[in-house]
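[1] Need the 3D shape of this:
(chains A and B)
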Amino acid sequence: MTSQQPTGDMTGLPPENTWRRKDLLNTDTLTHQEVELVLETAEAMREVRGRPMNKVATLRGTTVVTLFYEQSTRTRASFEMAGKALGADVINISASGSSVEKGESLIDTVRTLESIGADLVVMRHPEAGAPYLAARHTSASIINGGDGQHAHPTQALLDLFTMRSHIGDVTGKRVVIVGDIRHSRVARSNAWLLMAQGAEVVLCGPRTLLPRTTPGAHEGSGCEMTTDLDAALKGADVVMALRMQKERQQAGLIPSLREYARGYQLNDERVARAKAGALVMHPGPMNAGVEVTTSVANSAVSVIEEQVTNGVAVRMALLYLMSAGGRR
Amino acid sequence: MSGRMVIKGGRVIDPANGTDAVLDVLVAEGVVHEIAPDLSSENAEVVDAAGCIVAPGFVDLHTHLREPGFEHKGTIATETAAALRGGFTTVCAMPNTEPPPDSGPVVAALLEQIERDAHVRVYPIGCVSAGRRGKELAAIQELTDAGCVALSDDGNPVGDGQLMRHGLELASAAGLPISEHSDDPALNGGGSINEGRISERLGLHGQPAAAEVSAVARNVALAEATGAHLHIAHISTERAVAIIADAKQRGVPVTCEVTPSHLFLTEDAVFGPGPEPAYDTNARINPPLRTEDDRRALVAGLESGVIDAIATDHAPHALEDKLCEFEHAAPGISCLETALPTVMELVHRGELSMARAVEALTSAPARCFGLDVKTPGTGSISMGASRDVVVFDPAATVTIEPAAFVSKGKNTPLAGMELRGRPVAVVLDGRLMKEATVTG
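    Residues are numbered from 1 along each chain as shown, chains lettered A, B, ... in the order given. You can find the predicted model right below:
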């Protein structure tokens, strides 16, 4: 295949690529149509991934750069796999061992990547808002792969994709996110996206790890926040546990991981309080035995590994939609 | 030099002398000679002030000139030129320079540089602690004798309460106020923005209002205990206004200031006007821009006199200090050239009276640091004494264009805004400063 016939070997793609954004920075301003477009395209990509020959050449000639200022295993590998599965050239750059260590500014780095020929830059950065800065200073498309405590839009999209394939439309469904909400870009992006989809979002965790104000994207919007997990779980369709970092104990936010687990660990008994068959999710990396028991993580209702698999399909969809090859 | 000059037909607002009337002002031999209706302009240069306000030259208690040490951000020459253009004839230079003025010789060297380069009157503010490190006190009497008008560790709040107490006692004995950036560093957690709705939306680390409120309360308690004059720098929260109101009512010797930025803007400026967040680093300032409730309380506190003075906290930065990730960006706003239109906009909106606006820019700050004693006539239009006058058109429309700033700091969140209020003439030391005239 060549890039002139980019979709010839894929079936089920939306008839028209209506994606118009240069960048994907967060989920908070995505329209319903944009979300549907991504999820529908991801469906087609999942089909490609299921084939024995699970690669196509749709994005041949497109260069994707992963620019990571923070450690990452799954997000980076997932994007790399997604790019390669579409035939794109993928270049991986880490802040350590690059010109960033020599003091190069973010703006100069992304301009350099653009000059080298990057069409899409997937960026992870410890500072909230850094991808917005990058996006303003390059004509390359920026995909936010996680910025500080702010946003992780591709994680939220793959989580929604996974929920949909099990429980269908999430409108009116109760989604409980439990853990260190305050410091979690995953929780924020999920909350924004799920609220816009009409889901009933409940954020749950110790008082010191909940946001001080509800992360409503718009005036008046918001979601339930509670410290009582057992009550929150009643009637839940989805339970998502977040990674609990040891550093929170050192910073004096929680007395101990043991005390955290006592109130907030997803165990069999707690999961039983949710609706029968409620999904258990985790964005990873997981501390089995802290925020979730191994038994729950490996149970029939756990879709944790499926989230990772779906991540590749959703990221393929985004690369496809956002690349020049996709846009034509 | 020393020609005669008549400022004709303007509304003279001189709060210190209780004047608010259309009058002419005759300046001769370097000082205001006469204030009366219809003065003769024979043998005198005429400044047409019809439709304008004639006020004492503005006084700024909180200016960062950046020199020595940070000349890429600003110099005494460039930033005092910006002051002049903004209508400020007296500025107090904050001590966060390198070296910081924590001893007499450093101040002496600074004064030499000021003498050589400054375009307006500059008074140095010395450090409270050696090196602004908050460990040991600076040479307070030496700093006083060298000419400092106040003491401050500027952006480093004096964390140690005992050190602050002793500093207040010694400063009081020397006759100087301590201007304190009141903030609890542990509580503010290094946040870059107000903690609240916007910090949550943007995923930025927030500074809670409580970090300022608790530090203001501590410092007021120490002022009360020592009887020393405490000046609270750039207050930003509703609760801090209430604490100061209470302190003043009980006779605690406390004064305070607020910046035009905190009077005019809120945390929303960081988000920006669009649907997508701007993460506007030019709206990063310390203390951070707060909520609309806070802003209203600050304006009300200024109007009622609980807040004494408007101070710019003029903080010029180089482009690269702001063209970066939000939490890496240097805090501060280049404010000298936008202070007047910002404040006048509040007057036009009916939030602030013209009389208080002028007072808070002139006689009130002069009194806070005793500048009217150091240089008689400062902050007023007093016959035979005052040497500095500003004439401004309160209704003239200005579009804020940072590229046109005289200041090296082009960092303002007001870029592109249309505001009203513009200095048209500045008299400094009895001379008309033509270069001060702002066009466009």
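[2] show me the residues around the residue sitting nearest the centre point of chain B that make contact.
    Nearest residue to the geometric centre of chain B (CA atoms, centre = their mean): residue B:311, 2.1 Å. Counting by CB atoms under 8 Å, 6 or more residues apart in numbering or on different chains, residue B:311 touches B:60, B:61, B:62, B:233, B:234, B:257, B:258, B:259, B:365. For every residue, glycine as well, the C-beta is placed using N, CA and C.
[3] The same query, at a cut-off of 6 Å, please.
    By CB atoms under 6 Å, 6 or more residues apart in numbering or on different chains, residue B:311 lies in contact with B:60, B:61, B:62, B:257.
[4] what comes up buried for stretch B:108-121?
    The neighbour-count check on stretch B:108-121 (16 or more other CB atoms under 10 Å in any protein chain shown) flags B:110, B:111, B:113, B:114, B:117, B:118, B:119, B:120, B:121 as buried.
[5] The helix or strand where the first one lies packs against which elements?
    In this structure, residue B:110 sits in helix B:104-117 according to DSSP states H and E. Using 3 or more CB pairs under 6 Å, 6 or more residues apart in numbering or on different chains; DSSP states H and E as the contact criterion, the neighbours of helix B:104-117 among helices and strands are helix B:76-86, strand B:121-126, helix B:140-146.
[6] Output the lowest mean pLDDT helix or strand found in chain B.
    The weakest-scoring helix or strand in chain B, judged by mean pLDDT, DSSP states H and E, is helix B:185-188 (a mean of 92).
[7] returning to what we had before: what about the contacts of residue B:311, which one has the most neighbours?
    Taking other CB atoms under 10 Å in any protein chain shown as the neighbour criterion, residue B:61 ranks highest of the contacts of residue B:311 with 33 neighbours.
[8] Tell me the confidence at that one?
    As predicted, residue B:61 sits at a pLDDT of 98.
[9] What separation do you get for it and chain A?
    Separation of residue B:61 from chain A (CB to the nearest CB, to the nearest Å) stands at 33 Å.
[10] can you pull out the strands in chain A?
    In chain A, the segments counted as strands under DSSP state E are A:63-68, A:89-94, A:120-125, A:141-147, A:174-178, A:200-204, A:224-226, A:238-241, A:279-281.
[11] check contacts around residue 120.
    Went with chain A since none was named. Listed by CB under 6 Å, 6+ apart, the contact partners of residue A:120 are A:64, A:141.
[12] Hmm, no, I was thinking of chain B.
    By CB under 6 Å, 6+ apart, the residues touching residue B:120 are B:80, B:83, B:84, B:89.
[13] Please repeat the previous calculation with a cut-off of 7 Å.
    By CB atoms under 7 Å, 6 or more residues apart in numbering or on different chains, the contact list for residue B:120 reads B:80, B:83, B:84, B:88, B:89, B:90, B:91, B:428.
[14] With residue B:388 instead?
    Contacts of residue B:388 by CB under 7 Å, 6+ apart are B:56, B:57, B:89, B:90, B:427, B:428.
[15] Give the helix, strand or coil label for the residue nearest to residue B:3 when sequence neighbours are not counted.
    Spatial nearest neighbour of residue B:3, chain neighbours left out: residue B:45 (5.8 Å); criterion: CB to CB, 6 or more residues apart in numbering or on different chains. Classification of residue B:45 using DSSP: H, G, I helix; E, B strand; the rest coil returns strand.
[16] so how far is chain A from residue B:45?
    49 Å.
[17] Likewise for residue B:383?
    Plainly put, residue B:383 is 55 Å away from chain A if you go by CB to the nearest CB.
[18] For that residue, give me the pLDDT.
    According to the model, residue B:383 scores 97 on pLDDT.
[19] Residue numbers of chain A in contact with chain B?
    For chain A, the contact set with chain B under CB under 7 Å from any CB of the partner chain comprises A:29, A:105-107, A:127-130, A:132-133, A:148-151, A:185, A:188, A:211-213, A:215.
[20] Show me which of those are buried.
    Neighbour-count burial (16+ other CB under 10 Å) is assigned, among the residues of chain A next to chain B, to A:29, A:105-107, A:127-130, A:132-133, A:148-151, A:185, A:188, A:211, A:213, A:215.
[21] contacting residues around stretch B:288-301?
    Applying CB under 7 Å, 6+ apart, the contact partners of stretch B:288-301 are B:193-194, B:196, B:207, B:209, B:236-238, B:241, B:258, B:261-263, B:265-267, B:269, B:283, B:307, B:346, B:351-352.
[22] Hmm, I typed the wrong one, I wanted stretch B:335-352.
    Applying CB under 7 Å, 6+ apart, the contact partners of stretch B:335-352 are B:82-83, B:85-88, B:259-261, B:263-264, B:299, B:302-303, B:310, B:312-314, B:354, B:357, B:361, B:392, B:394, B:398, B:400, B:405-407, B:412, B:414, B:419-423.
[23] How about the residue in the stretch 151-300 of chain B that chain A sits nearest to, nearest residue that isn't a chain neighbour?
    Using CB to the nearest CB, the single residue of the stretch 151-300 of chain B nearest to chain A is residue B:203, 2.6 Å away. Setting aside the residues directly before and after it, residue B:203 is nearest to residue A:150 in space (CB to CB, 6+ apart), at 2.6 Å.
[24] Residue B:214 now?
    Nearest non-adjacent residue to residue B:214, counting by CB to CB, 6+ apart: residue B:184, 5.3 Å away.
[25] got it, and residue B:8?
    Using CB to CB, 6+ apart and skipping residues adjacent in sequence, the residue nearest residue B:8 is residue B:24, 5.1 Å away.
[26] Quick one: low-confidence residue ranges for the stretch 101-250 of chain A.
    By pLDDT under 70, the low-scoring segments of the stretch 101-250 of chain A are A:215-221.
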